[in-house]
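Visitor: Provided below are the primary sequence and the corresponding predicted coordinates.
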Amino acid sequence: MLARIRLTLWGMVILLLMYQALPWFERVLIGVSTEPRVVTARGDLAEDEKSTIALFEHASPSVVFITTRQRVRDFWTRNVFSVPRGTGSGFVWDDLGHVVTNNHVIEGAAEAIVRLNDGRSYNAVLVGTSPAHDLAVLRINVAFDRPPPVPIGSSHDLKVGQKVFAIGNPFGLDYTLTSGLVSALDRSLSEGNGATIEHLIQTDAAINPGNSGGPLLDSAGRLIGINTAIYSPSGAYAGIGFAVPVDTVNRVVPQLIARGKYIRPGLGIIVDHRLNETLTEQLGIRGVVILGINPGSVAEKAGLQPTRVASNGAIIPGDIILAINDQPMETVKELFSILDTLRIGDRVTLRLWRRGQEVEASLLLQAGK
């Protein structure tokens, strides 16, 4: 009996060894190769692929990864700690170490660290911000091998349908390239604080949290905008992104570097959104009613007329601005939007409604408030 059990066990072992050796017999008998397959030659890349690769390789050294930290105080020990707050993107503006990003990337942070494409990191100094444009300028001290500034393009001549490329750090995944089209122009975006950012570029290039502050480039590798926001119920990419146009950036950033803040061009007049709606509705005229004139302002020198109150208490409307440089307007918001495209010292022509007829006035824009 014991011998029979031993024979059975040896039979099972032999069967198991034969089963394991079966693939080897199959390969020998059938002639199956164990070598990797021969790689098929690809040939040249397509021209658009070559240009996209060249664009990324040329632009990515100018893009930076920004991490911010905030300080918190321990409730029990009262010790202050620095903890991570968020991440974002930015790009090198000039050879002096200025870095441009979104204001919301660094807003409320106690410190910001800028990491370059080659891995070097620097503590940044805040130079200036413009919340109205969601722009901020930082400065880092790079002693050697400074990254090149991003080439500057223009946004006033953009066309819907143009190719665009976004480089940034979505969800902390640094130096990510996405591409798309200019989907629309001159968009407005309301923020949670009640402010509205005007003249935005809409794009379908994939933009996600962390892309904020990164460059939006045209097919020539020039900066045409700064990725600033997405429209998405989920908070992730949904095909609609917005960028601050480079014409705005190129107007605002030099002021932030020079003054630390942006000063909007002004007319030296006093206006009010709610009163303007009430008065224009009563008068049946679309425009911006001048409620008051600042003493010594360009408006006073140009002879603009403010709103007055008669002795009997009746309101006598002042001049109503219908257009600036042939750009019509109906609201105070539109007035500020037009002024924001101009510079202090620019000469403008106002078309006014004054006592039942249209007149014109010319003046130089002054620093606003």
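Guide: Cool, got the structure.
Visitor: quickly find the element holding residue 126.
Guide: Secondary structure from DSSP states H and E places residue 126 in strand 125-130.
Visitor: give me the mean pLDDT for that strand.
Guide: Averaged across strand 125-130, the pLDDT comes to 93.
Visitor: that strand - contacts with which helices or strands?
Guide: Contact partners of strand 125-130 among helices and strands, from 3 or more C-beta pairs under 8 Å, 6 or more residues apart in numbering; DSSP states H and E: helix 103-106, strand 135-139, helix 246-259. Glycine gets a C-beta too; all of them are placed from N, C-alpha and C.
Visitor: okay, now the domains of this structure?
Guide: Domain assignment of the chain by automatic domain parsing yields the ranges 57-139, 163-259, 265-367.
Visitor: as TSV, these with mean neighbour count and distance to residue 154 would be great.
Guide: As requested, the domains of the chain are exported to TSV (neighbours: other C-beta atoms under 10 Å; distance: least, C-beta to C-beta, whole Å):
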stretch	mean neighbour count	distance to residue 154
domain 57-139	18	16
domain 163-259	20	6
domain 265-367	16	13
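Visitor: thinking again about what came up before, now the strand holding residue 126 against helix 246-259, angle please.
Guide: Between strand 125-130 and helix 246-259, the angle comes out at 130 degrees (axes from the mean of the first three to the mean of the last three C-alpha atoms, to 10 degrees).
Visitor: can you list contacts of strand 125-130?
Guide: For strand 125-130, contacts defined as C-beta atoms under 8 Å, 6 or more residues apart in numbering pick out 98, 103, 106-107, 112, 135-140, 252, 255-257, 259-262.
Visitor: who does it pair up with?
Guide: Taking DSSP bridges as the criterion, strand 125-130 pairs within the sheet with strand 135-139 (antiparallel).
Visitor: contact partners of whichever helix or strand comes after the strand it pairs with?
Guide: On the C-terminal side of strand 135-139, the closest following helix or strand by DSSP H and E is strand 163-168. The contact list for strand 163-168 (C-beta under 8 Å, 6+ apart) reads 52, 55-56, 59-60, 63, 89, 175-182, 201, 203, 205-207, 210-219, 224-225, 227, 241.
Visitor: same thing but at 6 Å, please
Guide: 63, 89, 177-180, 182, 203, 205, 207, 211, 214-217, 219, 227 (C-beta atoms under 6 Å, 6 or more residues apart in numbering).
Visitor: who's the closest spatial neighbour of residue 146, skipping the chain neighbours?
Guide: Excluding its sequence neighbours, the residue lying closest to residue 146 (C-beta to C-beta, 6 or more residues apart in numbering) is residue 95, at 6.2 Å.
Visitor: and the pLDDT for the one you found?
Guide: pLDDT recorded at residue 95 is 92.
Visitor: got phi/psi on the closest residue to residue 365 other than its chain neighbours?
Guide: Closest residue to residue 365 apart from its sequence neighbours, by C-beta to C-beta, 6+ apart: residue 265 at 4.0 Å. Residue 265 has phi and psi values of phi -60, psi 150 when expressed as degrees, to the nearest 10.
Visitor: spit out the contact partners of residue 265.
Guide: Residue 265 neighbours (C-beta under 6 Å, 6+ apart): 339, 342, 344, 365, 368.
Visitor: lowest pLDDT pick from those residues?
Guide: Among the contacts of residue 265, pLDDT bottoms out at residue 368, giving 77.
Visitor: report the contact partners of that residue.
Guide: 264, 265, 266.
Visitor: just how off-centre is stretch 345-363 within its chain?
Guide: Its chain's C-alpha centre and that of stretch 345-363 lie 35 Å apart, by C-alpha atoms, centre = their mean, to the nearest Å.
Visitor: average pLDDT for that stretch?
Guide: Per-residue pLDDT over stretch 345-363 has a mean of 90.
Visitor: for that stretch, C-alpha coordinates in PDB please.
Guide: Listed in PDB are the C-alpha atoms of stretch 345-363, where the atom choice follows Å, rounded to 0.1, in the frame of the first residue of the first chain:
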ATOM      1  CA  GLY A 345      -1.700 111.400 -20.800                       C
ATOM      2  CA  ASP A 346      -3.700 110.000 -23.800                       C
ATOM      3  CA  ARG A 347      -5.800 112.600 -25.500                       C
ATOM      4  CA  VAL A 348      -9.400 111.600 -25.800                       C
ATOM      5  CA  THR A 349     -12.500 113.000 -27.500                       C
ATOM      6  CA  LEU A 350     -15.800 112.900 -25.500                       C
ATOM      7  CA  ARG A 351     -19.200 112.900 -27.200                       C
ATOM      8  CA  LEU A 352     -21.600 114.500 -24.800                       C
ATOM      9  CA  TRP A 353     -25.300 115.200 -24.500                       C
ATOM     10  CA  ARG A 354     -25.700 118.700 -23.100                       C
ATOM     11  CA  ARG A 355     -29.000 120.500 -22.800                       C
ATOM     12  CA  GLY A 356     -30.700 118.700 -25.600                       C
ATOM     13  CA  GLN A 357     -27.800 118.500 -28.100                       C
ATOM     14  CA  GLU A 358     -24.600 116.700 -28.800                       C
ATOM     15  CA  VAL A 359     -21.300 118.400 -28.300                       C
ATOM     16  CA  GLU A 360     -17.700 117.300 -28.200                       C
ATOM     17  CA  ALA A 361     -14.900 117.900 -25.700                       C
ATOM     18  CA  SER A 362     -11.200 117.000 -26.000                       C
ATOM     19  CA  LEU A 363      -8.900 116.500 -22.900                       C
END
